[in-house]
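Visitor: Turn this into a model:
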Amino acid sequence: MTSPDQFISNLFKESWQKKAKKTAAAGRRYLNYQKDRLSEDQVTAINQLILDLKKERKGGSPERAEVLSQELEVMCGNALPHYTPETEMQFQVVDIFVTIVVIFAIRTFIFQPYRIPTGSMQPTLNGVKVEPLARAEWPGAFSRVLQYPLNGKAYVDCKVTDDDVLVGVRDKMFLVFLNQTELKFKSGKKKTINVPLSQALEAGLFDYIRNNQVFAVNPGGLLDNIVVPVKKGDVLFSGAFEAGDTIVVNKMEYHFRKPKLGEVFVFDTLGISNLKEFTGDQAGGSNYIKRLSGLPGQRVEIQSPELFVDDQRAEGLGFERVMRREPPYNPTGYFGNQRQLYIDGNKIPRLLRNTDGSPKLEDSRRQVFKLNKGEDVNLHEYLALGDNTENSLDSRAWGPVYQHNVVGPAGIAIWPFTNGHFGFIK
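Guide: Prediction:
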């Protein structure tokens, strides 16, 4: 057992070692910043003092370390007489700034986290799940605190704070990977809730709007022009929300290899014109995640419940799980899109349209996709299908994904930990 004297001695030892470490780091930073202004002899001398100080810190004495620290400070001061040493606060600010820059650089160019908002890839990957639940039915506070870090379950309600009129509801993207619901009121106030709009509607918001709206300016179903009187204390929705899987996307990998058929990938929606018809303003740059089901130049055909690529039954675990139709996968397997339009009296899937609106079909009775592989690489086309074929807004509805939309493969699922998806994505 450590005696009080030894404990105090250890604290002192740790203190001088930390000081020696900071002094060596300051010397190294000084050298990095001022190297082009120093002579070769000065650089060599400062380098040697830094090395000696590091060795002394690991196994030497505090007295010797103090001497070396002072020598290093004097050496740096004399090397450039007009140089003003940075204060401890300046060192901390620089460290924080560099850390932030590195984090943003990694996120922008290498790895990016992405939260899956919808169930289009279930059960391979989960989107946000919701269970409508009044506050009175919520578990205790301690239980709620434990549930969120383990299984991502949060309990959320939306209560009105003043009499007002709800005039708009929209899905809002936060930090690129988190979907939120934004409520707009006639008074000019806005309220943001950290759940996707589709789940907020499922938790009770849709019923509240339907039962209380005076009229809808857009009866077609868009929620950006509504008139819904609300009263203070009204609960617009309440429920238990289980977070969608958080995955990490490798944004560099496709710079070194081509996308592979069957892998799960992430893409942005810029320039996919047909998508706006289904999602409104969200089509301006949201990220989607689907299974890559067709490569440029390939012919892909859905013959429900199976998928064929270049006249061969699609191979790979991801495709096979959907086609087997075993629980928890859909009993229907792959099937043609239910969203249809009519051209000259014939039912034609929207997906199979060219940019000029003409049908992109070999046979309108089958779902056949011919993916472009022209001279312009940026316009090469990929087919994106969700594993949850019964509930997936994908290429069957709004068309192909272009090369310039592709972000990268979905590498690993990092959270929640308890739903069986943690680890590499297949």
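
Visitor: Which residues does stretch 191-205 contact?
Guide: The contact list for stretch 191-205, computed with C-beta atoms under 8 Å, 6 or more residues apart in numbering, reads 117-118, 127-132, 156, 158, 169-172, 174, 178-183, 185, 223, 235-239, 241. (C-beta placed from N, C-alpha, C; glycine too.)

Visitor: tell me which element Ser293 is part of?
Guide: strand 287-294 (DSSP states H and E).

Visitor: buried sites along stretch 415-426?
Guide: Neighbour counts over stretch 415-426 (16 or more other C-beta atoms under 10 Å) mark 415-416, 419, 421, 425 as buried.

Visitor: ok but Ala136 is inside a helix, no?
Guide: Yes - the assignment for Ala136, made by DSSP: H, G, I helix; E, B strand; the rest coil, places it in a helix.

Visitor: quick revisit: same question for the strand holding Ser293, mean pLDDT?
Guide: Predicted confidence along strand 287-294 averages 94 (mean pLDDT).

Visitor: Tell me which residues of the helix or strand containing Asn211 come out buried.
Guide: Using DSSP H and E, Asn211 sits in helix 206-212. Using 16+ other C-beta under 10 Å as the test for burial, helix 206-212 gives 206, 208-209, 212.

Visitor: in the stretch 1-150 of the chain, which spans are helices?
Guide: Using DSSP state H, counting those that start in this stretch, the helices assigned to the stretch 1-150 of the chain run over residues 4-34, 40-59, 62-79, 88-109, 141-151.

Visitor: what's the closest of the ones you listed to Ser395?
Guide: Nearest to Ser395, of all the helices of the stretch 1-150 of the chain, is helix 88-109, at 27.0 Å by C-beta to C-beta.

Visitor: If we only consider the buried residues of stretch 415-426, which is nearest to Asp41?
Guide: Nearest to Asp41 out of those is Trp415 (C-beta to C-beta; 53.7 Å).

Visitor: which ones are touching the spatially closest residue to the closest one that is not a sequence neighbour?
Guide: Excluding the flanking residues, the one nearest Trp415 by C-beta to C-beta, 6 or more residues apart in numbering is Thr246, at 4.4 Å. Going by C-beta under 8 Å, 6+ apart, Thr246 touches 113-116, 177, 413-416.

Visitor: Go through stretch 116-136 and flag the buried ones.
Guide: Of all the residues in stretch 116-136, those buried under the rule 16+ other C-beta under 10 Å are 116-130, 133.

Visitor: tell me how far the ends of that stretch are from each other?
Guide: Start-to-end span of stretch 116-136 (C-alpha to C-alpha, to the nearest Å) is 29 Å.

Visitor: rewinding a little: out of the contacts of stretch 191-205, which are buried?
Guide: With burial judged by 16+ other C-beta under 10 Å, the buried subset of these is 117-118, 127-130, 156, 158, 169-172, 178-181, 183, 185, 223, 236-239, 241.

Visitor: Narrow these to those in strands?
Guide: Counting by DSSP state E, the part of the buried ones among the contacts of stretch 191-205 found in strands is 129-130, 156, 158, 169-172, 178-181, 183, 185, 236-239, 241.

Visitor: after the strand holding Ser293, next one along is what?
Guide: Counting by DSSP H and E, the element after strand 287-294 in chain order, helix or strand, is strand 299-303.

Visitor: pLDDT (mean, whole number) over that next one?
Guide: Mean predicted confidence for strand 299-303 is 91.

Visitor: Can you list the neighbours in contact with the next helix or strand after it?
Guide: Later in the chain than strand 299-303, the nearest helix or strand by DSSP H and E is strand 306-309. Residues outside strand 306-309 that contact it (C-beta under 8 Å, 6+ apart): 261, 293-294, 298-302, 313-314, 319, 322-323, 333-334, 385.

Visitor: Using PDB, write out every CA atom in strand 306-309.
Guide: Extracted in PDB, the C-alpha atoms of strand 306-309 (Å, rounded to 0.1, in the frame of the first residue of the first chain):
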ATOM      1  CA  GLU A 306     -35.800 -12.300 -58.000                       C
ATOM      2  CA  LEU A 307     -33.300  -9.800 -59.500                       C
ATOM      3  CA  PHE A 308     -31.300 -10.500 -62.600                       C
ATOM      4  CA  VAL A 309     -28.100  -8.800 -63.700                       C
END
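
Visitor: ok, that strand: who's next to it in the sheet?
Guide: strand 299-303 (antiparallel), strand 312-313 (antiparallel) (DSSP bridges).

Visitor: These: which one's closest to Tyr329?
Guide: strand 299-303 (15.7 Å).

Visitor: what angle separates the closest one from strand 287-294?
Guide: 90 degrees (axes from the mean of the first three to the mean of the last three C-alpha atoms, to 10 degrees).

Visitor: how far out from the middle of the chain is strand 299-303?
Guide: 30 Å (C-alpha atoms, centre = their mean, to the nearest Å).

Visitor: okay, and for the stretch 151-300 of the chain, where does confidence drop off?
Guide: The stretch 151-300 of the chain contains residues with pLDDT under 70 at 175-177, 215-222, 224, 273-274, 276-285.

Visitor: Is Lys153 bridged to anything, and to what?
Guide: Beta-bridge partners, per DSSP bridges, of Lys153: Glu242.

Visitor: and what of the one 5 residues further on?
Guide: Going by DSSP bridges, Cys158 is paired in beta bridges with Phe237.
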